[in-house]
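Visitor: following is a predicted model, sequence given first.
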Amino acid sequence: MLELKNVSKRFGGVVATDDITLGVQRGEVHALIGPNGAGKTTLIGQISGSLGSDSGSILFEGSDITRDAQHERVRAGLARSYQITSLFKRFTVLDNLALAVQAGSGSSFSFWRPVSAEALLFDEARAIAGEIGLAGRETAVAMTLAHGEQRALEVGLALATRPRLVLLDEPMAGMGPEESENMIALLERIRTRVTVLLVEHDMDAVFRLADRISVLVSGRVIASGAPAAIRAHPEVRKAYLGEDANA
Amino acid sequence: MRRAAPWIVLALALAFPLAMQAEHQNYYLSFASRIFVYALAATSLNLILGYGGMISFGHAAFVGTGAYVSSILLSEGVASAWIGWPAAIAASALAALAIGAVSLRTRGAYFIMITLAFAQMMFFLVNSMKAYGGDEGLSLRERASVGLGVDLGSDVAFYYTALAALAAGLYGLHRLVHSRFGRVIQAIRENEERAEAIGYPVYRHKLVCFVIAGAAGGLAGALLASHGKYVNPNVLHWTHSGTLMVMVILGGVGKLWGGVIGAAALLGLEDLVANHRVEWLAAIFPNYQQHASLGVGTVLLAIVLFAPQGIAGMLARKKHA
């Protein structure tokens, strides 16, 4: 579904991602793990289109999207969420979601008809609010939500664009155990209809959810495979799982 | 009450000329017309500045383009407003398209400076148009004519025309900010990066918004030129952009009535200071009327510090309390 071929990105003299070749198959949850500074978020940026690539090519469902703008990739079915929560803070939960639904349904160059007359947008937004566990919180302004709720809405915004592949950048960042369980349950529900590329530090969540895991260290993929193989991989144990290899 | 307020204001504005004593009528009608025209210009700036989050310091370029295009047509003998004003709107829209296409590739302080620079370029361009008065400006013998048995030369007719233009502008803004496009524009103001990440072509939306505001500013410019039967390059000067910005900030950034309230407050304050000498104040500061901008500046400072949402925001807060 998604293929990266020799993708690289440099920031000045610093190589953030270095000759990455990686494939994500339709229907899988593909986890991307690696220590801080390994280039995971940079790679998410390159795939989603907010960052350009210095070299290499990115194919989504067979077509080359390397030079496509981010909004074009979203329209093609490729959406992302952010590690650092990025919402429309002064909008309500429902307006946040309706806005993302609107992006994927028809032209937004409509200047006269009130959005509030478009029941379909808000029906779908309400359904997503329910799915991400924010039913009953639709009228709350995003900035007043609790951290866990904001993280749920963060993922909800990506889902509301109706992606076929969603890039989730540390959805469990800063979450307590209970909130993490809710997020894992959410990902279990959506995996049946959306392919997921998951960047996550919570190893428990990664090994529970992932069909395949790729390990990124210093901008390079050092291993890619089934969870059991990754757990056993000597280089991975040394480079990354070292601190909790016995877990 | 909230829903009724705009209609009450409109009814008062419609009745205003009838209530005026004949002896004062011309002065106050002309002054009110000037407020309406500036209110339209400030409202158009509020669309990009308040709703779109684009801090343009060059809005006078579009008001000035409208003013000059309509005036040049008038001086060349094209008297009909039905030609002159659409031409002014089209020219300003085109100028906004060109300036916006370049400026909107920048952000923050760079955007402020580049819009300012473009407006100044146009200021100097108009200054050098000797055929149309150069730095002395261009006097018009007549206001534009609208036909239909209406003589715009009369202050009453011009008053109602300016009121109609402002009402149309406000209603248009009201529809726009609640439309799909308006929601996207406000989302871009809130979080540009995320707006792109949920699938909106941010640059294109901003550019369209910029062009709409420029077009409306052009209409305000055409009305301004007709109102005073005179236009000079200062209409494009950066201080004029600043005046429009002050109106928006004073009235309420991103508030529907912000431009109207700001224009009325600023022009009203200036008129008050210039034409109504307060004796006890004059006893302390003999020349205070020559330094009106000092007083206006003080009021603006107070608004920014104590009512960051402007007068419109202050009124809305009172209603909720």
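Guide: That came through fine. Residues are numbered from 1 along each chain as shown, chains lettered A, B, ... in the order given.

Visitor: give me the next element, helix or strand, following the helix or strand where A:Ala129 lies.
Guide: When elements are assigned from DSSP states H and E, A:Ala129 belongs to helix A:119-131. Using DSSP H and E, the helix or strand that follows helix A:119-131 towards the C-terminus is helix A:147-159.

Visitor: any buried residues in that next one, and which?
Guide: Neighbour counts using 16 or more other CB atoms under 10 Å in any protein chain shown place A:Gly148, A:Glu149, A:Gln150, A:Arg151, A:Ala152, A:Leu153, A:Glu154, A:Val155, A:Gly156, A:Leu157, A:Ala158, A:Leu159 of helix A:147-159 among the buried residues. The way it works is simple: take the backbone N, C-alpha and C, and place the C-beta from them, glycine included.

Visitor: distance from the chain centre to the longest helix belonging to chain B, please.
Guide: The helix of greatest length in chain B, counted in residues with DSSP state H as the criterion, is given as helix B:202-228. When distances are taken as CA atoms, centre = their mean, to the nearest Å, helix B:202-228 is centred 9 Å away from the chain's centroid.

Visitor: swap in stretch B:201-217?
Guide: Going by CA atoms, centre = their mean, the spacing between the C-alpha centre of stretch B:201-217 and its chain's C-alpha centre is 16 Å.

Visitor: do the same with stretch A:201-212
Guide: Per CA atoms, centre = their mean, the displacement of stretch A:201-212 from the mean C-alpha position of its chain is 14 Å.

Visitor: so for the helix holding A:Ala129, what gets flagged as buried?
Guide: Buried, per 16+ other CB under 10 Å, within helix A:119-131: A:Leu121, A:Phe122, A:Glu124, A:Ala125, A:Arg126, A:Ile128, A:Ala129, A:Glu131.

Visitor: and for stretch A:157-175?
Guide: Residues of stretch A:157-175 classed as buried under the neighbour-count rule (16+ other CB under 10 Å) are A:157-173, A:175.

Visitor: so for that stretch, first residue to last residue, what's the gap.
Guide: Using CA to CA, to the nearest Å, the end-to-end distance of stretch A:157-175 comes to 18 Å.

Visitor: does chain B have contacts with that stretch?
Guide: Yes - if you take CB under 8 Å from any CB of the partner chain as the test, stretch A:157-175 does meet chain B, through A:Leu157, A:Ala158, A:Ala160, A:Thr161.

Visitor: quick one: low-confidence parts of chain A?
Guide: Low-confidence segments of chain A, defined by pLDDT under 70: A:239-247.

Visitor: report how many residues lie close to B:Ala19.
Guide: Burial measure for B:Ala19: 9 neighbouring residues, criterion other CB atoms under 10 Å in any protein chain shown.

Visitor: got it, and B:Phe124?
Guide: Counted with other CB under 10 Å, the neighbours of B:Phe124 add up to 11.

Visitor: ditto for the one 4 residues further on
Guide: Close neighbours of B:Ser128, defined as other CB under 10 Å, add up to 9.

Visitor: could you do B:Val278 as well?
Guide: That count, for B:Val278 with other CB under 10 Å as the rule, works out to 13.

Visitor: all the helices of the chain, residue numbers only.
Guide: Defaulting to chain A. A:40-48, A:70-76, A:93-103, A:119-131, A:147-159, A:177-190, A:203-209, A:227-232, A:234-239.

Visitor: wrong one, I was asking about chain B
Guide: Here chain B has its helices, by DSSP H, at B:5-19, B:22-46, B:60-75, B:81-103, B:108-127, B:155-178, B:180-190, B:192-197, B:202-228, B:238-251, B:258-275, B:279-284, B:292-306, B:310-320.

Visitor: circling back: rebuild the buried residues of helix A:119-131 as JSON lines, extending it with distance to B:Phe16.
Guide: Output for the buried residues of helix A:119-131, formatted as JSON lines (distance: CB to CB, whole Å):
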{"residue": "A:Leu121", "distance to B:Phe16": "42"}
{"residue": "A:Phe122", "distance to B:Phe16": "42"}
{"residue": "A:Glu124", "distance to B:Phe16": "48"}
{"residue": "A:Ala125", "distance to B:Phe16": "45"}
{"residue": "A:Arg126", "distance to B:Phe16": "47"}
{"residue": "A:Ile128", "distance to B:Phe16": "50"}
{"residue": "A:Ala129", "distance to B:Phe16": "48"}
{"residue": "A:Glu131", "distance to B:Phe16": "55"}
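
Visitor: gap between the nearest residue to B:Val253 once chain neighbours are set aside and A:Leu209?
Guide: For B:Val253, the nearest residue in space outside its immediate sequence neighbours is B:Gly50; the separation is 4.3 Å by CB to CB, 6 or more residues apart in numbering or on different chains. With distances defined as CB to CB, to the nearest Å, the gap from B:Gly50 to A:Leu209 amounts to 44 Å.

Visitor: of the two, which one has the most company?
Guide: B:Gly50 (28 against 21).

Visitor: tell me the pLDDT of B:Ser33.
Guide: The predicted local distance difference test score for B:Ser33 is 96.

Visitor: ok, B:Val202 - contacts?
Guide: Contacts here follow CB atoms under 8 Å, 6 or more residues apart in numbering or on different chains; on that basis B:Val202 touches A:His71, B:Ile188, B:Glu192, B:Ala195, B:Glu196.

Visitor: apply 6 Å and report the result again.
Guide: Each residue near B:Val202 by CB atoms under 6 Å, 6 or more residues apart in numbering or on different chains is listed here: B:Ile188, B:Glu192, B:Ala195, B:Glu196.

Visitor: please report how far the closest residue to it other than its chain neighbours lies from B:Leu301.
Guide: Once its chain neighbours are removed from consideration, B:Val202 has its nearest residue in B:Glu196; the separation is 4.8 Å (CB to CB, 6+ apart). In this structure, B:Glu196 and B:Leu301 are separated by 36 Å, where distance is defined by CB to CB.

Visitor: for chain A, what lies in contact range of chain B?
Guide: Applying CB under 6 Å from any CB of the partner chain, we find that chain A lies next to chain B at A:70-71, A:74-75, A:80, A:86, A:88, A:90, A:99-100, A:103, A:108-112, A:114-115, A:157, A:161.

Visitor: nearest residue to the middle of chain A?
Guide: Centroid-nearest residue in chain A, with CA atoms, centre = their mean: A:Leu168, separated by 1.8 Å.

Visitor: you'd agree that one is up against A:Ser81?
Guide: Yes - checked against CB atoms under 6 Å, the pair A:Leu168 and A:Ser81 is within contact range at 5.1 Å.
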